[in-house]
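Peer 1: Using only what follows, build the 3D model:
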Amino acid sequence: MLLPETQTSCYAWIFMSNHAHFLLKTGTAPIAKVMRRLLTGYVVSFNHRHKAEWATLSKSLQIHHMPGGCVSAETVVRYIHLNPVRAGIVTEFSQLNKYRYCGHGSVMGKQDMPWQDGKYVLGYFGKTIKGARKSYSSYVEAGFNQGRRDELTGGGLIRSLGGWSEIEKAGIKRPVHHKSDERILGESDFASEILLQSSEKYEKKYQLKRLGFDLDRVAMRVSELYGIDPEDMSAKGKQQKRVQARSLFCHWAVNELGISLTDLARRIGISVPAVGYSVERGQ
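Peer 2: Sure, this is the predicted structure:
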C-alpha cells in the first residue's frame, strides 16, 4: 500500500461528495508525490467502476504542531473527522463510528484501517486505549458546534497572486509583523523554514513566465532534445522516444511552470491520471 510503502503516517481523513481531507506526516516521499499517486489511483479506480471521467486537484496546507502552538494536531483531527456531521451526511454524532468514509471509526476501534495511525492520535488523550478513546470521543463531540474554523483553512490571496514578491511589485507592502503564510499553520521558525524552501521554486516559476517560457516553448525544447516533432508528443502509441519526450514535457510543465494536470491533459489529449504518471516518469 502507498502509505506504508512511503512511510507516510495518516492520522485523520475524510471523503466528502466533492472533496477530501487528509492529515498526513511525511515519510520517505514528499507529500505532493504521495497525494498525486493517491488521488490518481483513486480516480483511475473510480472512473473504471463508474465509467466516468473525473480529474484530480489537490491543495496542501503545511502544519507544525508544538505544545502551546496556534493549532494542535488533535484540533485538526477533530475538525477533519467532524466534516460529515457538520454537512448533515451523518445526522447523529454516535453514527460517526460506523461511517465508512471517515477515519473516526478507525480511531475508535470500530473499523479496521491498518494504514491509519490511530494510536498516535489516542496518545494525546490517555495512557490506556480504553480511556483514551473515551476522552477522544468526548473531545470530538465537543467540537461539533464550532462550525467552520477559518484558522484551519489554507491557500488564498498570497498564493493566487504569485507570492509576496509579486504582490510587492504591485505596490502592496508586506506587513512588518507578517512571519507566516496562509498555507502554513505553525510557529514563526517553522513558517520561515517552509517559506524558504518554497521561495526558490515559486520565484523560478514566475521568472520563467516573465522570460516567455510557456507550453509551446517547452514543447519545442523537448522536441529538439529528442529529435521529434512537437506534435508527436500528443500522438497515440508507446514508442519509447515519444513516451520519454512526453514524460519530460509533462514534468517540466507541471513542476517548473506550475501548469495543472487538467490543463495539461487537455493540451496533449490524454487523461489526467496518465499525465500524473508521465510527470513521475519525467522526473
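Peer 1: Which residues belonging to stretch 106-116 are considered buried?
Peer 2: Across stretch 106-116, burial judged by 16 or more other C-beta atoms under 10 Å covers 106-108, 111, 116. C-beta here means a position set from N, CA and C on the backbone, and glycine is covered the same way.
Peer 1: Can you tell me which of those end up in strands?
Peer 2: Nothing among the buried residues of stretch 106-116 maps onto strands, per DSSP state E.
Peer 1: Just give me the closest of those residues to Phe93.
Peer 2: Proximity of the buried residues of stretch 106-116 to Phe93, judged by C-beta to C-beta, is greatest for Met108, which lies at 11.5 Å.
Peer 1: From Asn83, how far out is the residue lying closest to the closest one once chain neighbours are set aside?
Peer 2: Excluding the flanking residues, the one nearest Met108 by C-beta to C-beta, 6 or more residues apart in numbering is Asn97, at 5.2 Å. To Asn83, Asn97 is 15 Å away according to C-beta to C-beta, to the nearest Å.
Peer 1: higher neighbour count, the two?
Peer 2: Asn83 (21 against 17; other C-beta atoms under 10 Å).
Peer 1: Does the more buried one touch Phe22 like I think?
Peer 2: No. Judged on C-beta atoms under 8 Å, Asn83 makes no contact with Phe22 at a distance of 11.7 Å.
Peer 1: hey, where'd the helices end up in the stretch 151-283 of the chain?
Peer 2: Along the stretch 151-283 of the chain, the stretches classed as helices by DSSP state H, counting those that start in this stretch are 157-160, 164-169, 188-210, 215-226, 240-255, 261-268, 272-282.
Peer 1: Can you get me a residue count around Arg210?
Peer 2: 8.
Peer 1: Return the distance of it relative to Ser278.
Peer 2: For Arg210, the distance to Ser278 - C-beta to C-beta - is 26 Å.
Peer 1: ok, Ser137 touching Lys110?
Peer 2: No. The pair Ser137 / Lys110 is not scored as a contact, 10.7 Å apart, by C-beta under 8 Å.
Peer 1: Helix, strand, or coil at His21?
Peer 2: Recorded secondary structure, His21: strand (DSSP: H, G, I helix; E, B strand; the rest coil).
Peer 1: For the buried residues of stretch 106-116, name the two members farthest from one another.
Peer 2: Farthest pair in the buried residues of stretch 106-116, by C-beta to C-beta: Met108 and Gln116, 11.4 Å.
Peer 1: quick check: domain ranges of this protein?
Peer 2: 2-150, 154-210, 215-282 (automatic domain parsing).
Peer 1: quick one, what contacts the closest residue in space to Gln244 that isn't next to it in sequence?
Peer 2: Leaving aside its chain neighbours, Gln244 sits nearest to Tyr226 (6.7 Å; criterion: C-beta to C-beta, 6+ apart). Contacts for Tyr226 (C-beta atoms under 8 Å, 6 or more residues apart in numbering) come out as 241, 244-245, 248.
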